[in-house]
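Trainee: Provide a 3D model corresponding to the input given below.
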Amino acid sequence: MTFSDETKHERPNEKTEHDESENDSENSDGAAERAALRKVDWHVLPMVFLLYMVSFLDRFKRSNIGNGRLYGLEEDLGLKANQFQTATSVFFASYVIVEIPSTIFFRKLRPARFLSVIAILWGIVASLTGLTNNYRSLIACRLLLGLAEGPSFPCLIIYLTLFYSRRELAVRFGYIVCGAALAGAIGGLLAYGIGYIDGHLGLRAWRWLLIIEGIPSVCLGIFGWFFLADSPETAWYLSPPERKLLVLRSAGEQREALVPSAQTPHRSDILAAFKDWKVWAFALINFPADIQLFSYAIFLPTIVKAVNPAWSNLYVQALTVPCWACAAIVYIIIAYISDRMQHRAAFGILGAVVSIVGHIMLVAGNGIAVPYAGCFVIAAGVFLVAGTALVWLPSNLPRYGKRSTAVGMQLMAGNSAGIAAPYLYPTVDSPRYITGHVVTIALLALSGVVSGLLWWTFARLNARRRAGGEDGKALGKTEEEIDEMGDESPRFMYVT
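Mentor: This next block holds a predicted model:
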């Protein structure tokens, strides 16, 4: 007899009463739950969307440094050899070192206030970058920008997990992705418009681009200070019954998350994340994914320009916009399907395959149509590879300490790719950039293989637990002690 069967036979009445109570509660609170969730959506998702969009713009590591390059940034600052690539990548040196500490202590720092303060800081630094006059000052601004903005992305992901269950996470995370995609599109459109004020008040277009794009972050941070809530328990826009309902609803499908000890970081949870090979596997998925994402975002204007050197810089900026729109639309559609199916792995693998096809089109294609179409094909897969893994990992870690540490580890590994990505597409490799595309293809293949390995591992563990193969872990433990085991509990089922 398995542990689960033994429990059913020893406590049948308690089980029945629990089930009846749960069904009654579900029927009576269904409408209230939907109403409360709509309030959360209206108060959380727009801010998450906007915060990540402006951070994507302000760091200019992706869209703006590529756009600024077309408007004379290198010439004005006297950049030589690989100094442009260094200025792009040095941002990550300070960025990655603050990701793990910020996720671990995020809840203790008051999430709403913390997100607001760092938005104000990175906006100020981003705008000041537009006033730099030499290579050294540019490097200094990039390092400061990394420190200010490093906590933003991992903390936004953790923030979403505080309000939403794992069955809702992929679509909600899609709003972050849309923020990034829209930032890429807006960066192109804004760069296109700012190109017409080149020289106004004695400032080149790239300076105007950076100064203007830092201002919204400051404004948004001030607004977020008063608007955002720290958690469902303290959400000012919810009534007390709605707060209680959402706390139970968010963790209802993961009873391991309801244990009081699971809500705060513990040393054992932090160490468990570092010891779990599956967390490192997710980190390995994200490094190739972010190599592609960063390279694509930084060099998209340069790649499009190489398709037809006769195109003007303004025209090139306009042509990057639909690529980002394609990326957002595809991810939202796939995220909706992924949430409905409660499956992640196949979509991440699909993203890797689609992206590989796009890179092959850029390498092998001739003329204009095929290489430019390749930019759209890459866009269709670029967020699927990274986005799927970022949602998949926290969905399988019910304890906050391990989840927050693991997300920080995953993003630290992924964002480390930003150090290498700028060097994959040197100017001397124009127009085909064969080295960069081939390296990216190989890394994406690795990402797909590791995703498949995790898929097989989680499916095997779930099957073993359903068959009672891990029930021995629970022998001699109380119900609370079993729940405190988190993802190691024989009752916990992984999302594949």
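Trainee: against residue 93, how distant is residue 134?
Mentor: Separation of residue 134 from residue 93 (C-beta to C-beta, to the nearest Å): 19 Å. For glycine as for every other residue, the C-beta is placed from the backbone atoms N, C-alpha and C.
Trainee: whoops, I mixed them up, residue 370
Mentor: Residue 370 is 37 Å from residue 93, by C-beta to C-beta.
Trainee: which parts of the stretch 51-200 of the chain are helices?
Mentor: For the stretch 51-200 of the chain, the helices defined by DSSP state H, counting those that start in this stretch occupy 63-70, 73-77, 83-89, 91-95, 99-104, 111-129, 135-149, 152-163, 169-194.
Trainee: residue 316: which of those is closest?
Mentor: Closest to residue 316 of these is helix 63-70 (C-beta to C-beta; 6.9 Å).
Trainee: that older thread, more neighbours: residue 134 and residue 93, which one.
Mentor: residue 93 (16 against 12; other C-beta atoms under 10 Å).
Trainee: picking that back up, of the helices of the stretch 51-200 of the chain, which approaches residue 290 most closely?
Mentor: helix 91-95 (9.8 Å).
Trainee: and the helices in the stretch 351-496 of the chain, which stretches?
Mentor: 369-395, 400-415, 417-420, 434-466, 479-483.
Trainee: C-alpha coordinates for the shortest one, CSV please?
Mentor: In this case it means helix 417-420. The C-alpha atoms that make up helix 417-420 are tabulated as CSV, following Å, rounded to 0.1, in the frame of the first residue of the first chain:
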residue,chain,number,x,y,z
ALA,A,417,25.3,36.2,-21.6
GLY,A,418,25.1,40.0,-22.0
ILE,A,419,28.9,40.1,-21.4
ALA,A,420,29.6,37.9,-24.4
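Trainee: so what's the nearest residue to residue 228 once chain neighbours are set aside up against?
Mentor: Nearest residue to residue 228 in three dimensions, chain neighbours excluded: residue 112, at 3.6 Å (C-beta to C-beta, 6 or more residues apart in numbering). By C-beta atoms under 8 Å, 6 or more residues apart in numbering, the contact set of residue 112 is 224-225, 228-230.
Trainee: and residue 53, by the same measure?
Mentor: 179-180, 182-183, 186.
Trainee: where are the low-confidence patches of the stretch 251-400 of the chain?
Mentor: Low-confidence segments of the stretch 251-400 of the chain (pLDDT under 70): 251-263.
Trainee: brain fart, the stretch 1-150 of the chain
Mentor: Across the stretch 1-150 of the chain, the ranges flagged by pLDDT under 70 are 1-29, 57-71.
Trainee: and the residue nearest to residue 433 when sequence neighbours are not counted, how far from residue 149?
Mentor: In this structure, residue 433 finds its nearest non-sequential neighbour in residue 425, 4.9 Å apart by C-beta to C-beta, 6+ apart. Counting by C-beta to C-beta, the gap from residue 425 to residue 149 is 23 Å.
Trainee: neighbour count for these two, which is higher?
Mentor: Using other C-beta under 10 Å, the more surrounded residue of residue 425 and residue 149 is residue 149, with 26 against 23.
Trainee: apart from its neighbours in sequence, what residue is nearest the more buried one?
Mentor: Nearest non-adjacent residue to residue 149, counting by C-beta to C-beta, 6+ apart: residue 122, 4.3 Å away.
Trainee: from residue 193, how far off is residue 88?
Mentor: From residue 88 to residue 193 the distance is 23 Å (C-beta to C-beta).
Trainee: which one of these two is surrounded by more residues?
Mentor: More crowded of residue 88 and residue 193, by other C-beta under 10 Å: residue 88, with 26 against 15.
Trainee: could you count how many residues lie near the residue lying closest to that one once chain neighbours are set aside?
Mentor: Nearest non-adjacent residue to residue 88, counting by C-beta to C-beta, 6+ apart: residue 422, 4.0 Å away. With neighbours defined by other C-beta under 10 Å, the count for residue 422 comes to 25.
Trainee: residue 85 is in contact with residue 422, correct?
Mentor: Yes - here residue 422 lies in contact with residue 85, judged by C-beta atoms under 8 Å, at a distance of 3.9 Å.
Trainee: follow-up on the earlier one: quick one, which of the contacts of residue 112 are buried?
Mentor: Buried residues within the contacts of residue 112, counting neighbours by 16 or more other C-beta atoms under 10 Å: 224, 228-230.
Trainee: list the buried residues in the helix or strand where residue 317 lies.
Mentor: Per DSSP states H and E, residue 317 falls inside helix 313-341. Going by neighbour count (16+ other C-beta under 10 Å), the buried part of helix 313-341 is 313-314, 316-317, 319-321, 323-328, 330-332, 334-335, 338-339.
Trainee: what is it packed up against?
Mentor: Secondary-structure packing of helix 313-341 (3 or more C-beta pairs under 8 Å, 6 or more residues apart in numbering; DSSP states H and E): helix 63-70, helix 169-194, helix 277-307, helix 345-364, helix 369-395.
Trainee: chain center to that helix: distance?
Mentor: Distance, stretch centre to chain centre, for helix 313-341: 15 Å (C-alpha atoms, centre = their mean, to the nearest Å).
Trainee: and that helix with helix 277-307, angle?
Mentor: Angle of helix 313-341 versus helix 277-307, following axes from the mean of the first three to the mean of the last three C-alpha atoms, to 10 degrees, is 150 degrees.
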